[in-house]
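>>> Using only what follows, build the 3D model:
(chains A, B and C)
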Amino acid sequence: MTTRTAPARRRTGRLAGAAAVVRRRLLVAVPVLVATSVGMFALGAASPVDPAKQYAGAAAFTTSEENLAQIRANWGVDDPLPVQYLRWVGNLLRGDLGWSTSRHEPVTSVLAARAGWTLLLIGVTLAVVLLASLLLGALAAYRRGGLFDRALRAAAYAVESMPVFWIGLAAIAVFALALGWFPAGGLTDVTATGTSWPDVAHHLILPVAVLAVSQAPWFLLFVRDAVAESLRDDHVLAARARGLPGRTVLFGHALRTALLPFLTLVGTHLPELVGGAVLVETVFSLPGLGAVTVEAALGSDFPLLAAITLVTTAVVLAANLAADLAYAAADPRVRLDG
Amino acid sequence: MTTTQPATVPARPSDPRTSPLLTVDRLGVRFRLRDAVVHAVTDLSLTVHAGELLAVVGESGCGKSVLAHALLGLLPGNATVTGRALLHQPETEPVDLVSCGQRRLARQVRGRRIGLVPQSPATALNPVRTGRRLLGETLRAHGRDRGQADRLATDVGLDPADLDRYPHELSGGMAQRLVTALALATDPPLLIADEPTTGLDRPLVDHTLDLLRRRCDAGAAVVLITHDLAAARRVADTVAVMYASRVVEHRDGGDFFTAPTHPYAEALLDALPDRAFRPVPGHPPMLTALPVGCAFAPRCPRRADSCERAPQPSPVGAGTVACHHPILPGAAP
Amino acid sequence: MADLAARRPLLRPLRLRPRRAGAVTAGLVLVVAVAGTLLAPILWPLDQSAVALDQTRLAPSWGHLGGTDDLGRDVAHRAVYGLRVSLLVGAVAALVATVIGGLIGGIAGTLGGRVDRVLMRIVDTIAALPHLLLGIFIVAMLRPSLGAVIASVGLTHWLSTARIVRSELLSLRTRTFVDAAISGGAGRRRVLVRHLLPHVLPRLALATTLMIPHAVWHETALSFLGLGLPPHLASLGNMISDGEGSLLTGAWWASLVPGAVIVVVTLAIAVLAARWRDRLDPRVRAELHL
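Model (predicted):
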């Protein structure tokens, strides 16, 4: 009687433990965010840039010394650093991310207008990279040492040493300018009056492909090695001995178990993907966060830069948490409440 | 789940044997390592008939499991297999398992003609699948009804409810019964069972052995790979003793257990609790550094100068023994 | 290939050994690149300010291997000097990263305990940040300059080195020869200098070498974004950035040629470093990669 209900109870128990994992991850995430914000604030404070002049922009040269002093007083720039830090963090927590001196608008509206495009680029790319690397990596491992395996690995090593923006420029030269298949940049056609999804999709093909190709080698090589190893596992040999079809053995057994460590590693590789996205957005003039980041950096726009870095960090941490939960869902041996 | 203790040990089949099912001829398996070569199987010849239960016995590390993997083409890339292993089929040409290629093995042999109960059930089960899914998948791949899963579980002495557990939730004995059920799911004419009684308590050991015995009585063949001589004695028709990659004695079970001819076989039997309970002295040689002559000579009480040369299998009764100084029946003990 | 040669002994001498062939090629590429950049000022002096407005955007030819840019300057010629700047900055930045990582990993590995836990938590924290964004932030706060670029690389790339040094030291601590030295009465400093450093230094050197391509990419990325080296230090990244405008008019070589130089040179470094790593740690070269 009890044995029949036990497995079912175990499964709901695993899901119930998710809250504990979230709590544990938050315990790590909060110090990470605090440390990051302190670090950035310290760098900002050490910076030779005068925020008041930054705020005034070009007008700084004509603004009188009293006005600048007024701005400083308003902003509390001359307060002790800890006071300034706490005020800044307090504002952040209340949702006030500050005023972007390079864009001349609130940081929140900059983020609201642009973060979506960056997320779209990263999300679509991640999906493409994962699918492609799982499929190709598993096939390479299945026939390891074969022509396909060697060609794929050589290509992966070569692509790994190509800067992503160089791949982007080459792709523009070939697919946009020479062949004319795709637009060279932007998110919508110049003549378009609004944003239509087919148009956006057409514009995104090349950037997504470039970012995917540049990120793929790491994923591909990992999957290939993991599956190659897992193909020698006892349980995979046992599956072969039972006469299961090759496809089932490869994808259902070898890849399935090799996938588990891969899930958590995807999380750790996300920062790399974010960096690549900034560069790809710049190459293809996409209206995402990449372009404003560069603009903000050129203008030493501390509030915007800090907000972008903090928000990205938070998103990366959240993605890591999602990877953890996915891992727990995929591996019955992991007990979330443990 | 209770196990039924069989009242009688099933009778052994009468001697006029049916046609051979598997003929292994001078099979050799070597592994290339960075700085050594492992001779896992050397010059091994065996025949298995339909309805026969052959027990391959020997200490661990003598090449028994490699033999099983070699017959199914599951060895890693650094292995070299020589010789022949002909699998006879009712209507068509026999297949040489050594040379027929992975594709043919996968489509015609594994699961369909030869089943395997793998060693170490704890690692032989996919950790992210329940027993029911594994069984269902295997049954479906062979065009069988998935509803048989419960019956298969019951056959091996596993509570069908336990099929819904993940492998890490099973005890060693439960996992062992599950891998046996998986191997039986395809009902192969030849079953290779590699240590199928590990982790089972005595009633379950007997249950599993009798299950294998019944398969043979129904006309299938079983190769039982084990280091447990008591298990072999219970069910085996024929016994092959492996020592340091070779078969040193291959004889009818009854003859073997009453009067072993190879000194190593005798030493193994003497190690049984109901006999002298005396372990075999010394250690087996490394498979990377096998001696030129008889590999058992350093541990052998009957060794002489002639043991410097490798002994070839020679007939004794209906079987063979590879020894220069066999213990022949009738000679003084 | 290998199977064929194994079956036919006559073919054995002809057996291709791709790993070795790759390493030799990579070595040659690096020698040429380094010698070229070192000797360029003598052999092929460059006048940075020279412009030839009658020769703008010429396609690659025998006269101009890499074509000319929109000011009529020879792209291949400038790329040699760009590589000089990029490699130099990359090497210095990699060295800075190694020093930071070596110090932090060294402290964590020798002291262990709570210090180790705190330092490694910091390492994990920084690893969770997108390091290009962090690098951009650092450059922005320091204002784009040579020093800012080096700081940006150094502060974002030391993590792997710290982890390597720490784990190497921790694993050495458990080995018997260290115990033997300590029980033999050797002081902590003596053990560190005489016994641990000789083991750690080769790995540190390898880590630095492996770091150079990453440092070059980081510098190039910053320069491409206009946040890197000032224009008068024409690094490869600056050249790619300058050439981006010509790309749309069809003069692809102005940006793609300098990029190709980066690809070839960093690939050569990576191939050689991988070979070196195999030597240091044969276990990594498992059956999988043969």
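
>>> and the residue of the stretch 201-338 of chain A found nearest chain B, how many neighbours?
Among all residues of the stretch 201-338 of chain A, A:Gly243 sits closest to chain B, at 2.2 Å; criterion: Cβ to the nearest Cβ. No exception for glycine: its C-beta is placed from N, CA and C like everyone else's. Using other Cβ atoms under 10 Å in any protein chain shown, A:Gly243 has 26 other residues around it.

>>> which residues does A:Ile308 contact?
Neighbour list for A:Ile308: A:111, A:289, A:292-293, A:296, C:133 [criterion: Cβ atoms under 8 Å, 6 or more residues apart in numbering or on different chains].

>>> measure it to A:Ala158 for me?
Counting by Cβ to Cβ, to the nearest Å, the gap from A:Ile308 to A:Ala158 is 32 Å.

>>> in which helix or strand would I find A:Trp181?
According to DSSP states H and E, A:Trp181 maps onto no helix or strand at all.

>>> just checking, B:Trp37 touches B:Ala289?
Not Trp; residue B:37 is Val. No: B:Val37 is not in contact with B:Ala289 according to Cβ atoms under 8 Å; the separation is 9.7 Å.

>>> These two: who's more crowded?
The residue with more neighbours, out of B:Val37 and B:Ala289, is B:Val37; 15 against 10, by other Cβ under 10 Å.

>>> which stretches of the chain form helices?
With no chain named, the answer covers chain A. In chain A, the segments counted as helices under DSSP state H are A:2-16, A:18-46, A:51-56, A:65-75, A:81-93, A:107-142, A:147-160, A:164-171, A:197-230, A:234-241, A:246-247, A:255-283, A:289-298, A:302-330.

>>> I was thinking of chain B, sorry if that wasn't clear
B:64-71, B:102-104, B:121-124, B:131-141, B:149-156, B:172-184, B:202-217, B:229-235, B:253-258, B:263-270.

>>> where does chain A have low pLDDT?
Scanning chain A with the threshold set as pLDDT under 70 gives A:1-17, A:48-65, A:68, A:70-78, A:189-194, A:334-338.

>>> For whichever residue of the stretch 101-250 of chain C sits closest to chain A, give its distance to A:Val315.
The nearest approach of the stretch 101-250 of chain C to chain A comes at C:Leu132, 3.0 Å away (Cβ to the nearest Cβ). Per Cβ to Cβ, C:Leu132 is found 15 Å from A:Val315.

>>> who has more neighbours, the two?
Counted by other Cβ under 10 Å, C:Leu132 and A:Val315 do not tie: C:Leu132 has more neighbours, with 26 against 17.

>>> before we move on, what SS does the more buried one have?
Three-state assignment for C:Leu132 (DSSP: H, G, I helix; E, B strand; the rest coil): helix.

>>> Repeat that for the one 4 residues further on.
C:Ile136 carries the three-state label helix when classified by three-state DSSP.

>>> Am I right that it is in contact with A:Leu305?
Yes: in this structure, C:Ile136 is within contact of A:Leu305 by Cβ under 8 Å, at 7.3 Å.

>>> From chain A, how far off is the closest residue to B:Leu27 other than its chain neighbours?
Among residues not flanking B:Leu27 along the chain, B:Gly83 sits closest, at 4.0 Å (Cβ to Cβ, 6 or more residues apart in numbering or on different chains). From B:Gly83 across to chain A, the span is 21 Å (Cβ to the nearest Cβ, to the nearest Å).

>>> next one: B:Val117
Distance of B:Val117 to chain A, computed by Cβ to the nearest Cβ: 9 Å.

>>> Could you dump the helices of chain B into TSV with mean neighbour count, mean pLDDT and distance to chain C added?
As requested, the helices of chain B are arranged in TSV below (neighbours: other Cβ atoms under 10 Å in any protein chain shown; pLDDT from 0 to 100; distance: least, Cβ to the nearest Cβ, whole Å):
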stretch	mean neighbour count	mean pLDDT	distance to chain C
helix B:64-71	23	89	16
helix B:102-104	12	85	15
helix B:121-124	21	85	19
helix B:131-141	21	90	27
helix B:149-156	18	88	35
helix B:172-184	25	89	26
helix B:202-217	20	89	35
helix B:229-235	20	89	35
helix B:253-258	18	89	39
helix B:263-270	22	90	33
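
>>> just so I know, which of those helices lies nearest A:Arg143?
Smallest distance to A:Arg143 across the helices of chain B (Cβ to Cβ): 10.8 Å, for helix B:102-104.

>>> who's in contact with that closest one?
B:73, B:95.

>>> Could you double-check that A:Val21 sits in contact with A:Ala329?
No: counting by Cβ under 8 Å, A:Val21 sits too far from A:Ala329 to count as a contact (10.9 Å).

>>> Show me where chain B dips below the pLDDT cut-off.
Within chain B, the segments meeting pLDDT under 70 span B:1-18, B:329-333.

>>> re the thing from before, just so I know, which of the helices of chain A lies nearest C:Leu236?
helix A:164-171 (9.5 Å).

>>> didn't B:Asp237 look like it was pressed against B:Leu212?
No: applying Cβ under 8 Å, one finds B:Asp237 not in contact with B:Leu212, separated by 11.2 Å.

>>> Find the residues that touch each one of these two.
Listed as contacting both B:Asp237 and B:Leu212 by Cβ under 8 Å, 6+ apart are B:Leu53.

>>> could you dump the helices of chain A to CSV with distance to B:Leu178?
Shown next, in CSV, are the helices of chain A (distance: least, Cβ to Cβ, whole Å):
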stretch, distance to B:Leu178
helix A:2-16, 14
helix A:18-46, 29
helix A:51-56, 68
helix A:65-75, 70
helix A:81-93, 54
helix A:107-142, 26
helix A:147-160, 34
helix A:164-171, 49
helix A:197-230, 20
helix A:234-241, 11
helix A:246-247, 23
helix A:255-283, 17
helix A:289-298, 52
helix A:302-330, 21
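
>>> mind checking which of the ones you listed is nearest B:Gly101?
With Cβ to Cβ, the closest approach to B:Gly101 among the helices of chain A belongs to helix A:246-247: 13.0 Å.

>>> what's near enough to touch the residue in the stretch 101-250 of chain B that chain A sits nearest to?
The stretch 101-250 of chain B approaches chain A most closely through B:Gly111 (2.2 Å), counting by Cβ to the nearest Cβ. Counting by Cβ under 8 Å, 6+ apart, B:Gly111 touches A:241-244, B:138, B:141-142, B:186, B:188.

>>> residues in contact with the nearest residue to it once chain neighbours are set aside?
Excluding its sequence neighbours, the residue lying closest to B:Gly111 (Cβ to Cβ, 6+ apart) is A:Gly243, at 2.2 Å. The contact partners of A:Gly243, taken as Cβ under 8 Å, 6+ apart, are B:106, B:109-112, B:138, B:141-142, B:186.

>>> With A:Gly246 instead?
A:142, B:106.

>>> A:Ala239 versus that one, what's the distance?
According to Cβ to Cβ, A:Gly246 stands 10 Å off from A:Ala239.

>>> do stretch B:50-68 and chain A meet?
No: using Cβ under 8 Å from any Cβ of the partner chain, stretch B:50-68 never reaches chain A; the gap is at least 8.8 Å.

>>> List the buried residues for that stretch?
Neighbour-count burial for stretch B:50-68 flags B:50-59, B:61-68 (criterion: 16 or more other Cβ atoms under 10 Å in any protein chain shown).

>>> go on, stretch C:76-89?
By neighbour count with 16+ other Cβ under 10 Å, stretch C:76-89 contains the buried residues C:76-87, C:89.
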